[in-house]
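S.K.: Quick one, what's the 3D model for this:
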Amino acid sequence: MRAALLVGLSVLVASPVIAQQDTTRVPVAVEDLVVTVERAPTRASDASAPVRTVTRAELERRAAGDLTTVLRDVPGVQIDPVISSGAGITLQGLGSDRVLVLLDGAPVSGRIGGEFDLTRISPSQIERIEIVEGPQSTLYGSSAIGGVVNLLTRRDLAHGAELSTQIGSGGQRDARARVSGGAAGVNGSLDVGRRSADLAPGRAAGAPGSADRWDAMARASGRIGSGTIDARVLGIQEEQQYVTTSRSGATTSNFNDNWQLDGLVSTTLGASGRTELRLHGSYYDHRFTPSSSTAREDGVEEWDRQRTADVEALRRGAFGAHRWLAGAKVEREWLTSDRVEGGSRGAWTGAAYATADWALAPWLRATTGARLTSGEVWGTDVAPRVGIVARGPAATYLKLGGARGFRAPSFKELFTNFTNTRGASYTVLGDADLQPEYSWNASAEIGRTAGGSEVYARAFRNWLRNFIETGLVDPSQSIFQYQNVARARTAGLEVGGSVTRGIVTARASHAYLDTEDESTGEPLLGRAAHMTRGGMTVQPGPLSVTGEVVHTTSTPLSRGQAGTTYQGAYTRMNLSAGLHLTNGARVTLGVDNLTDSEPEGAATELGRRWFGGLSWAFAW
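M.R.: Numbering: from 1, shown residues only. Model prediction:
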């Protein structure tokens, strides 16, 4: 088996272009405990769905000014940039409007046009990112058709402080301070930072713009009787500015101002901690001001205010070797927007769910589960799932799974009443009779993890129905309306592996993605068919040096009467080095895209990025 592993890795590394590092394929990380897939600590190779992790060490190694800097080089992930909405990610060929973003397991408000801008969240406040592919609606409800990105915030509460700064190309200027400690059985931390860049999220290279962000996170934890309590509050204030040019050559200065506040209180009851109660609230204000001049005061403000509050109760248990989890959740959502009929909308959603992990044999486990969700406006949906994990000889494993995912129509899709008065005139209307989108997914993975080595192959297929898109209902008046009209499919295959020998770790992977809009027979936009990655890390003592390469084939971006417009194929080479000093300091230096490879027709900034970072941590 080991010979087969080495042969497989040799084939991958010797492919025409070596690929980008899979940040989850470091052998130690593979067997780390993950919590997102089963909502309980589980080995990654035992999880019933494909899961990838990005550790804090990886975020520090890349001196990332935003999360997409690192996520764009994770296998199976593609960045989904949208002008004015920022940059999200695509999973299994499904865009960020169908990928659920969680903060410590709770959905975060702040989607503009369905897109969640991941650049808004500071990497300095994240301990770990878990990416679960495929429908996860059984445990997490709406919008998890493509998968889930769970941002797990820092919980280290040792007595001490940290100071750090990072600089880089594109005007990156970051600074952060963190202090933590405790007294009388209560531990706490406070993290404050500022990030700046001379490029707005989702914008192409050379486009004038900037982004400035302040963020702060406070956490406190302690015991209540025999149970525990953990409270976290995150606040973000962001200012973006960018310029757009119309076909006639007229320029518009655009100002995006965002305010985010997200709070979570989690308590466990009893010494066993099997019962958990979660109280969560998320607040988001978005102000968009387009101006015909360079002055904000000459524009007209457009507001979008989103609020979410939810209460969730979970109970975990076991009977013999079998495990189970059951929960219920009640959520209230509000939206105030000039583009929504009536100006303001609110609705309740309730859900009940349960999963069970069955020990069928010492080498075989099965997972079953279902969620019943009822929305005050759009109706009811049921999301089941089933999975099998089998352990074979010589540390091999096999996973098979099937699941249903759904995305409920948003308030804007249900109640939009908007007429564009700038440039070409058109009207977009909502449809109060919209039904949820849904998908069926089948997946399989086979692999081996042992002795500092891993090899794997995984495949998936999604059947997507009732997709919500705007359709032209009155050509004479240019009136569009949201409708359940689209059908699509996505399928993919990925092979890869890693091997560690002494101070050297090598990795390689290749991912193939096939998509189709069944109404046109054309591939879905914004998805590259092939991504190949390879990398090597050498870690002699306190020094760590990493080199990695990623090749992406051409990507369809838009379609018109003249045909399809593509972003060209390109290859990126990243180099980085980190050195831990004896006094608690760490120095990071590196470059992304060393050769400054810029694909033809690039949709967003992909050029060379130099970066450096310095951090100092000390205890008291």
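
S.K.: Just want the most central residue of the chain.
M.R.: Val149 (3.8 Å; C-alpha atoms, centre = their mean).

S.K.: what's that residue in contact with, if anything?
M.R.: Applying C-beta atoms under 8 Å, 6 or more residues apart in numbering, we find Val149 in contact with Ile89, Leu91, Val99, Leu100, Val101, Leu102, Leu118, Ile129, Glu130, Ile131. Heads up, the C-betas are built off the backbone N, CA and C, glycines and all.

S.K.: repeat for Asp298
M.R.: Asp298 makes contact with Ser291, Ser292 under the criterion C-beta under 8 Å, 6+ apart.

S.K.: for it, phi and psi?
M.R.: The phi and psi values for Asp298, taken as degrees, to the nearest 10, are phi -90, psi 0.

S.K.: Which of the helices and strands in this structure ranks last by mean pLDDT?
M.R.: Across the helices and strands of the chain, mean pLDDT, DSSP states H and E gives its lowest value to helix 2-13, namely a mean of 33.

S.K.: where does this protein have low pLDDT?
M.R.: Residue ranges of the chain with pLDDT under 70: 1-32, 82-85, 202, 204-206, 421-424.

S.K.: please redo it, this time with the cut-off set to 50
M.R.: Across the chain, the ranges flagged by pLDDT under 50 are 1-30.

S.K.: can you pull out the strands in the stretch 51-200 of the chain?
M.R.: 51-55, 77-82, 86-91, 99-103, 106-107, 111-112, 115-116, 126-133, 147-153, 160-168, 172-183, 186-197 (DSSP state E, counting those that start in this stretch).

S.K.: Describe which strands the fifth one pairs with in its sheet and in which direction.
M.R.: Right, the one you point to is strand 106-107. Strand 106-107 pairs in its sheet with strand 99-103 (antiparallel), by DSSP bridges.

S.K.: Now do the helices in this structure.
M.R.: Ranges of helices within the chain are 2-13, 27-30, 56-61, 68-71, 137-140, 411-415, based on DSSP state H.

S.K.: and among the strands of the stretch 51-200 of the chain, the most buried is which?
M.R.: Highest mean neighbour count among the strands of the stretch 51-200 of the chain (mean count of other C-beta atoms under 10 Å): strand 86-91, with a mean of 27.

S.K.: List the residues that contact Tyr512.
M.R.: Listed by C-beta under 8 Å, 6+ apart, the contact set of Tyr512 reads Gly492, Leu493, Glu494, Ala529, His530.

S.K.: closest to Thr500 out of the strands of the stretch 51-200 of the chain?
M.R.: Within these, the stretch nearest Thr500 is strand 51-55; the backing value is 15.4 Å (C-beta to C-beta).

S.K.: Measure how that closest one sits relative to strand 86-91, angle-wise.
M.R.: 140 degrees (axes from the mean of the first three to the mean of the last three C-alpha atoms, to 10 degrees).

S.K.: Tell me which other helices or strands strand 51-55 touches.
M.R.: Contact partners of strand 51-55 among helices and strands, from 3 or more C-beta pairs under 8 Å, 6 or more residues apart in numbering; DSSP states H and E: strand 126-133.

S.K.: So what's the gap between the strand it packs on and the chain middle?
M.R.: From the chain centre to the centre of strand 126-133 is a distance of 8 Å (C-alpha atoms, centre = their mean, to the nearest Å).

S.K.: Okay, now the sheet partners of that strand, with direction.
M.R.: Sheet pairing of strand 126-133 (DSSP bridges) gives strand 51-55 (antiparallel), strand 147-153 (antiparallel).

S.K.: Now distance to Asp215 too, for those strands, in a markdown table please.
M.R.: Listed next are those as a markdown table, based on distance: least, C-beta to C-beta, whole Å:
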| stretch | distance to Asp215 |
| --- | --- |
| strand 51-55 | 19 |
| strand 147-153 | 11 |
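
S.K.: right, and those - which one's nearest Glu413?
M.R.: Counting by C-beta to C-beta, Glu413 lies closest to strand 147-153 out of these; the figure is 21.1 Å.

S.K.: tell me the angle of that closest one relative to strand 77-82?
M.R.: On the basis of the same axes, to 10 degrees, strand 147-153 is oriented at 90 degrees to strand 77-82.

S.K.: circling back to that earlier point, just name the closest of the contacts of Val149 to Ala459, please.
M.R.: The closest of the contacts of Val149, once distances to Ala459 are taken by C-beta to C-beta, is Leu91, at 14.7 Å.

S.K.: The closest one and Thr595: what is the separation?
M.R.: Separation of Leu91 from Thr595 (C-beta to C-beta, to the nearest Å): 28 Å.

S.K.: And His286, by the same measure?
M.R.: Distance, His286 to Thr595, using C-beta to C-beta: 37 Å.

S.K.: Neighbour count for the two, which is higher?
M.R.: His286 (23 against 11; other C-beta atoms under 10 Å).

S.K.: Glu437 and Phe406 touch, don't they?
M.R.: Yes. Using C-beta atoms under 8 Å, Glu437 makes contact with Phe406 at a distance of 6.4 Å.

S.K.: any residues in contact with both of those two?
M.R.: Jointly contacting Glu437 and Phe406 under the rule C-beta under 8 Å, 6+ apart are Ile145.

S.K.: can you redo the contacts of Tyr512 as CSV with neighbour count and distance to Glu413?
M.R.: What follows is the contacts of Tyr512, written out as CSV (neighbours: other C-beta atoms under 10 Å; distance: C-beta to C-beta, whole Å):
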residue, neighbour count, distance to Glu413
Gly492, 21, 27
Leu493, 15, 33
Glu494, 21, 32
Ala529, 18, 29
His530, 14, 33
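
S.K.: Which residues does Thr537 form beta bridges with?
M.R.: With DSSP bridges as the criterion, Thr537 is bridged to Thr546.

S.K.: Report the separation between it and Leu71.
M.R.: To Leu71, Thr537 is 19 Å away according to C-beta to C-beta.

S.K.: Could you do Ala529 as well?
M.R.: For Ala529, the distance to Leu71 equals 19 Å [C-beta to C-beta].

S.K.: Confirm for me that Ser443 is in contact with Val389.
M.R.: No. Counting by C-beta under 8 Å, Ser443 does not reach Val389; the two are 12.0 Å apart.

S.K.: Return every residue with contacts to both of these two.
M.R.: Contacts common to Ser443 and Val389, judged by C-beta under 8 Å, 6+ apart, are Lys399.
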